[in-house]
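# fold the following, please.
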Amino acid sequence: MSSPTSVSVAILGAAGTIAPAIVRDLAASEEAASLLLLDLDAGRATAVASEHGGGKARAAGADARDPAALAAALDGVDVLINSASYRINLDAMHACLAAGCHYLDLGGLYWMTRPASSSSIRSSGARGGWRSWGSAPVRARPT
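Modelled structure (predicted):
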């Protein structure tokens with residue numbers, strides 16, 4: 001993995017609606033040394049890399065429904081930002097676990113990622129950061 005001041009970042013769903021803004025912001029960041037843009041549509045991901053990547057981005061085709069292949073694509077990556085559909089969150093988490101990289105998604109439907117707390121991700125002894133933004137129900141604390 002890279003030092004904290006030169007992070008290698010992969011963005012899954014790079015050809016989607018939200019990813020170009022993420023790519024643009026990371027390309028402007030001194031902390032992001034390189035960007036790997038991953039999407040089912042490698043051509044569109046390449047266009048995003050050219051338009052928003054600031055010379056730091058390269059693109060590749062990837063299908064998160066194949067966690068082993070995604071893990072191979074993540075070799076040497078420090079963190080994956082999953083901006084693809086929430087339906088592939090768990091597959092992407094498993095790929096990150098296998099690749100030894102951190103994981104961040106944009107949140108959404110909490111019941112899609114809740115199984116991660118009891119799945120092999122939690123029981124594996126993984127040493128990484130897992131963050132899912134978005135909403136989840138909060139139980140009121142007894143008073």
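
# low-scoring stretches of this structure, by residue?
For the chain, residues meeting the criterion pLDDT under 70 lie at 1-5, 108-143.

# show me where it has its strands.
Listed in chain order, the strands found in the chain under DSSP state E are 7-12, 32-39, 57-61, 79-82, 102-105, 130-132.

# where along the chain do the helices fall?
Taking DSSP state H as the criterion, the chain carries its helices at 19-27, 42-52, 67-73, 89-99, 110-113, 120-123.

# buried deepest among those, which one?
The densest packing among the helices of the chain, expressed as mean neighbour count by mean count of other Cβ atoms under 10 Å, is seen in helix 89-99 with a mean of 22. The way it works is simple: take the backbone N, C-alpha and C, and place the C-beta from them, glycine included.

# just the C-alpha atoms of that helix, please, in PDB.
The C-alpha coordinates for helix 89-99 follow below in PDB (Å, rounded to 0.1, in the frame of the first residue of the first chain):
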ATOM      1  CA  ASN A  89     -22.000  -3.700  -2.500                       C
ATOM      2  CA  LEU A  90     -21.400  -7.100  -0.900                       C
ATOM      3  CA  ASP A  91     -19.600  -8.400  -4.000                       C
ATOM      4  CA  ALA A  92     -17.400  -5.300  -4.000                       C
ATOM      5  CA  MET A  93     -16.700  -5.700  -0.300                       C
ATOM      6  CA  HIS A  94     -15.700  -9.300  -0.800                       C
ATOM      7  CA  ALA A  95     -13.400  -8.300  -3.600                       C
ATOM      8  CA  CYS A  96     -11.800  -5.600  -1.400                       C
ATOM      9  CA  LEU A  97     -11.300  -8.200   1.400                       C
ATOM     10  CA  ALA A  98      -9.500 -10.500  -1.100                       C
ATOM     11  CA  ALA A  99      -7.400  -7.600  -2.500                       C
END
